[in-house]
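[1] Here's a sequence, model it:
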Amino acid sequence: MESFLNPDVLRRLLISAPAILVAITFHEVAHGFVANKLGDPTAKFVGRLTLNPLVHIDPFGTIILPLLMYFMTNGQFVFGYAKPVPINPMNFQNPRKGMALSAVAGPVMNIALALISAIVLKLLLVPLSTVMPAEVNETILKPLYLIATASVVINVVLASFNMIPIPPLDGGRVLTGLLPQKQAMSFSRIEPFGFIIVLVLIYTGMANLFIMPLIRFFLQLFQVY
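    Alright, predicted model coming up:
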């Protein structure tokens with residue numbers, strides 16, 4: 001219980017929460033938006049093309065699981081997910097291509113959010129901190145700086161994690177769309193076991209072989225850490 005009451009832990013959670021909500025909301029809306037543009041209005045019909053984060057929150061995947069992972073690993077690893085946006089590939093002219101484009105839209109959106117956050121950091125918050133009074137820096141600019149930094153990291157991690165080429169993660173759906181049809185059909189059969197496979201990869205550390213190079217690349221590109 002002490003770790004839950006630790007001021008440093010609570011501060012980090014408060015800083016991360018806005019960035020996480022924005023990251024997962026825009027990620028899911030991007031899937032639905034691209035699917036709608038390609039001919040599948042399913043997400044629009046069920047009200048998922050909205051930036052209201054409450055619509056996309058999965059009580060277990062968005063709140064309970066990340067908190068459990070955070071405290072079980074002392075903040076070293078957080079894993080969670082939002083409610084997936086429903087997509088019906090049969091509404092696409094080319095179902096495999098439509099699914100691949102809809103899938104990649106989520107990670108692309110997260111990288112765009114990371115880039116925007118990095119620009120805000122470098123071109124707005126840092127220059128302002130050199131001319132504003134100390135009180136403004138401490139009470140306003142410093143919290144905004146920490147939230148923007150968290151936004152870069154969270155969006156990069158979310159994009160990198162989702163590009164693991166295992167369905168139902170976005171990378172798995174993209175790979176299914178790129179493979180020849182026969183191989184794609186065989187590969188897609190692992191989807192019911194996809195999350196179990198991903199959890200095993202995370203537990204054994206093998207997922208880091210794919211994720212960490214991507215994370216390092218983008219963080220260096222955006223000059224954060």
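[2] Can you tell me the closest non-neighbouring residue to Ile197?
    Ile166 (5.5 Å; Cβ to Cβ, 6 or more residues apart in numbering). (Each C-beta comes from the backbone N, C-alpha and C, glycine too.)
[3] so is that neighbour in a helix, a strand, or just coil?
    coil (DSSP: H, G, I helix; E, B strand; the rest coil).
[4] Give me the neighbour count for it.
    21 (other Cβ atoms under 10 Å).
[5] pretty sure it is touching Leu199, no?
    No: using Cβ atoms under 8 Å, Ile166 is not in contact with Leu199; the gap is 10.5 Å.
[6] Please identify the helix or strand for Gly171.
    helix 170-178 (DSSP states H and E).
[7] Just checking the distance from that helix to the centre of its chain.
    17 Å (Cα atoms, centre = their mean, to the nearest Å).
[8] still on that earlier bit, got the contact list for the residue nearest to Ile197?
    Neighbouring residues of Ile166 by Cβ atoms under 8 Å, 6 or more residues apart in numbering: 172, 190, 194, 197-198, 201.
[9] let's go with 7 Å and repeat that
    172, 194, 197-198 (Cβ atoms under 7 Å, 6 or more residues apart in numbering).
[10] so which helix or strand takes in the residue nearest the centre of the chain?
    Centre of the chain computed as the mean C-alpha position; nearest residue by Cα atoms, centre = their mean is Leu158, 3.0 Å away. If you go by DSSP H and E, Leu158 is part of helix 142-162.
[11] Give me the residues contacting that helix.
    15-16, 18-20, 22-23, 27, 106-107, 110-111, 113-114, 117-118, 120-121, 125, 169-171, 211, 214-215, 218-219, 222, 224.
[12] Could you rerun that using 8 Å?
    Residues contacting helix 142-162 (Cβ under 8 Å, 6+ apart): 15-16, 18-20, 22-24, 27, 79, 106-108, 110-111, 113-114, 117-118, 120-121, 125-126, 129, 169-171, 207, 210-211, 214-215, 218-219, 222, 224-225.
[13] now it, how far from the centre of its chain.
    The answer for helix 142-162 is 9 Å, by Cα atoms, centre = their mean.
[14] how close does Pro192 get to Pro167?
    For Pro192, the distance to Pro167 (Cβ to Cβ, to the nearest Å) stands at 9 Å.
[15] nope, Ser129 is what I meant
    44 Å.
[16] With Arg173 instead?
    6 Å.
[17] More neighbours: which of Ser129 and Pro167?
    Pro167 (25 against 16).
[18] Find the nearest non-adjacent residue to that one, please.
    That would be Glu191: by Cβ to Cβ, 6+ apart, it lies 4.1 Å from Pro167.
[19] Test my guess that the one you found contacts Leu175.
    No: here Glu191 lies out of contact with Leu175, judged by Cβ under 8 Å, at a distance of 11.6 Å.
[20] where do the contact lists of those two overlap?
    Pro167.
[21] what about the two, which has more around it?
    Ranked by neighbour count (other Cβ under 10 Å), Glu191 and Leu175 place Leu175 first, with 21 against 16.
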